[in-house]
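Peer 1: Sequence first, predicted model second:
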Amino acid sequence: MFNSVYQGKRVLLTGHTGFKGSYLASWLSRMGAEVCAVALAPESSPAHWDLLSLPVESHLVDIRELAGLQQIFTSFQPEMVFHLAAQPIVRLSYDIPVETFETNVMGTVNILECCRRAPSLRAAVIVTSDKCYENREQSAGYIESDPMGGYDPYSASKGCCELVVSSYRRSFFNTADYGRKHQLLLASARAGNVIGGGDWAKDRLVPDIMRAAAAGVAAKIRNPFATRPWQYVLEPLSGYLQLGAELFLGKCSAAGAWNFGPDADGVVSVGKAAEMLAEKWEDIKFVFDTPAEQPHEATLLQLDCSKAHEKLAWHGVLTPEEMFSFTAEWYREYYRNDRVITGEQLDRYIALAAERGLAWIN
């Protein structure tokens, strides 16, 4: 996979105790990478990271603490960095705006400063969000050159992150100076609403539905008519890994911003997503219950991933039906049979990618 780039490489990953980060740690370990990971302790119990028991060097360090981060970088001497650590919840950002900006913006600045001081480093992928764009509630997907913005503190913080990454790339990791003044290629990655087994975060559709199913009650769906670009967790991760491999191999054209989202059939309403999950697990019940007053959240948002399709030959693997099936199956096995099937699903995902001729499988 990925031209065997990750075999034996020293990869520093932030946010490994979170949902996407735990899956990326699992995949990197599966490919033979030496992973050093930095994050806060898991916020949920149970936590997907704790269930995996991976052979990863784990450091519980706040990315807002530059000195602690620098010690880890200096000791580990990473060759590649994937930065996923963040305050990831829109609704929570209304309650803790200062912490959201400190973590998402200054935390990213600290990571980039450590990257700037790491002579061993060759590639860095900074993960932000599809919500980094100035959302005009348009039907067309956003492209990488569209303006950054953000209504709520979370979205605005991700727009700020993209500006920070762009500034560091132009100021310190300019591709015109690659191979002369520096050896690092830097990119940012934006993904849609990621779902899959093992997510227990608050104020997210799938975790809320699955907790309710396990408790034998109906979940309350607050924004049933809002549309989201749903994608299975391994889909954007395959994009991040493909992007990281291109950067490591010295492809200067990869040093930029990239969208990794679903095709048009993955953009469905919240209510439809709940219905598709319920089709896959009979314990799932829900009701539409929109509060009279609630914080602003986008109702229409999707990404145009033409750049990744054309220049990285990246495409998603799963159909929407398969995506919701994988997700419901994970929780059903966990709650009914106390089984964690993350590794099994990763194997099946890779097998489907091979069957469907995905470029990164080689």
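Peer 2: In hand now; what should we look at? Numbering: from 1, shown residues only.
Peer 1: and Val287, that one's in a strand?
Peer 2: Yes. Counting by DSSP: H, G, I helix; E, B strand; the rest coil, Val287 is located in a strand.
Peer 1: And the helices in the stretch 151-300 of the chain?
Peer 2: 153-171, 205-215, 234-248, 270-280 (DSSP state H, counting those that start in this stretch).
Peer 1: Please identify the buried residues of the last one?
Peer 2: The neighbour-count check on helix 270-280 (16 or more other Cβ atoms under 10 Å) flags 270-278, 280 as buried. For the C-beta atoms, the positions are set from N, CA and C on the backbone; glycine is no exception.
Peer 1: again with the second one
Peer 2: Neighbour counts over helix 205-215 (16+ other Cβ under 10 Å) mark 205-210, 212-213 as buried.
Peer 1: Reformat these into JSON lines and put distance to Val38 and pLDDT next to each item.
Peer 2: Below are the buried residues of helix 205-215 laid out as JSON lines (distance: Cβ to Cβ, whole Å; pLDDT from 0 to 100):
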{"residue": "Leu205", "distance to Val38": "28", "pLDDT": "92"}
{"residue": "Val206", "distance to Val38": "26", "pLDDT": "95"}
{"residue": "Pro207", "distance to Val38": "24", "pLDDT": "95"}
{"residue": "Asp208", "distance to Val38": "28", "pLDDT": "94"}
{"residue": "Ile209", "distance to Val38": "31", "pLDDT": "97"}
{"residue": "Met210", "distance to Val38": "28", "pLDDT": "97"}
{"residue": "Ala212", "distance to Val38": "33", "pLDDT": "96"}
{"residue": "Ala213", "distance to Val38": "33", "pLDDT": "96"}
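Peer 1: Tell me which of the helices of the stretch 151-300 of the chain lies nearest to Gly343.
Peer 2: Between Gly343 and the helices of the stretch 151-300 of the chain, the shortest gap by Cβ to Cβ is with helix 234-248, which sits at 12.0 Å.
Peer 1: still on that earlier bit, include pLDDT when you put the buried residues of helix 270-280 into JSON lines, please.
Peer 2: Formatted as JSON lines, the buried residues of helix 270-280 follow (pLDDT from 0 to 100):
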{"residue": "Val270", "pLDDT": "92"}
{"residue": "Gly271", "pLDDT": "93"}
{"residue": "Lys272", "pLDDT": "93"}
{"residue": "Ala273", "pLDDT": "94"}
{"residue": "Ala274", "pLDDT": "95"}
{"residue": "Glu275", "pLDDT": "95"}
{"residue": "Met276", "pLDDT": "95"}
{"residue": "Leu277", "pLDDT": "96"}
{"residue": "Ala278", "pLDDT": "96"}
{"residue": "Lys280", "pLDDT": "94"}
